[in-house]
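# okay, here's the prediction I keep looking at, along with the sequence it came from:
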Amino acid sequence: MEKKILFLFIRAPFGSIQYTEGLRAVVGMMSGLDEHKVTCVYLGEGAYYALKGSDKAESAGYVKTIADISETDYLVVKESLDERGISEDELDDMFKVVARDEVAKLIADNDIVFDF
């Protein structure tokens, strides 16, 4: 049975394996018989991953696999950007900016929520 699954990336994409392990989990959830609908949200320190030119070498293979499996939304929280002085012009094109209120709705609307 297909489920709606939300992945929250709340930690910085450097200094640990949390981010890469989160993407590996996304691939796992999207693979297999059920082909779950997955959304990835970057907030807090996780917003740094949305920057153009950030080092995505370790995660590039996972991002490509995710794109090959299904369309996935990559969202970054506006308030997290503002709190870190990051403008929308500095973001990689794969990200859509959303308000924190929208993330609260996503949490309520998804069947499963993971954070990394």
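Received the coordinates, thanks.
# point out where the chain drops to low pLDDT.
For the chain, the stretches with pLDDT under 70 are 32-34.
# quick one, helices of it?
For the chain, the helices defined by DSSP state H occupy 18-30, 60-69, 78-83, 100-109.
# list of residues touching the third one?
Residues from elsewhere that reach helix 78-83, judged by CB atoms under 8 Å, 6 or more residues apart in numbering: 42-44, 46-47, 50, 87-88, 91, 97-100. Backbone N, C-alpha and C define where each C-beta goes, glycine included.
# and the buried ones among the residues you listed, selectable in ChimeraX?
Selection of the buried residues among the contacts of helix 78-83 in ChimeraX, burial being defined by 16 or more other CB atoms under 10 Å:
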select :42,43,44,46,47,50,91,98
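# among the contacts of helix 78-83, which lie within strands?
If you go by DSSP state E, these have 42, 97-98 in strands.
# just those now: which is nearest residue 72?
Residue 72 has its nearest neighbour among these in residue 42, at 12.6 Å by CB to CB.
# partners of that closest one in the sheet?
residue 9, residue 76 (DSSP bridges).
# my guess is it contacts residue 76. True?
Yes: assessed by CB atoms under 8 Å, residue 42 is found in contact with residue 76 at 4.5 Å.
# overlap in contacts, those two.
50, 95.
# what bridges to residue 5?
Beta bridges link residue 5 to residue 38, residue 112, judged by DSSP bridges.
# do I have it right that it meets residue 107?
No: applying CB under 8 Å as the test, residue 5 and residue 107 come out as separate, 11.5 Å apart.
# more neighbours: which of those two?
Neighbour count, other CB atoms under 10 Å: between residue 5 and residue 107, residue 5 has more, with 19 against 12.
# any idea how far that one is from residue 105?
According to CB to CB, to the nearest Å, residue 5 and residue 105 sit 15 Å apart.
# do the same with residue 15
According to CB to CB, residue 15 stands 31 Å off from residue 105.
# all set now, cheers.
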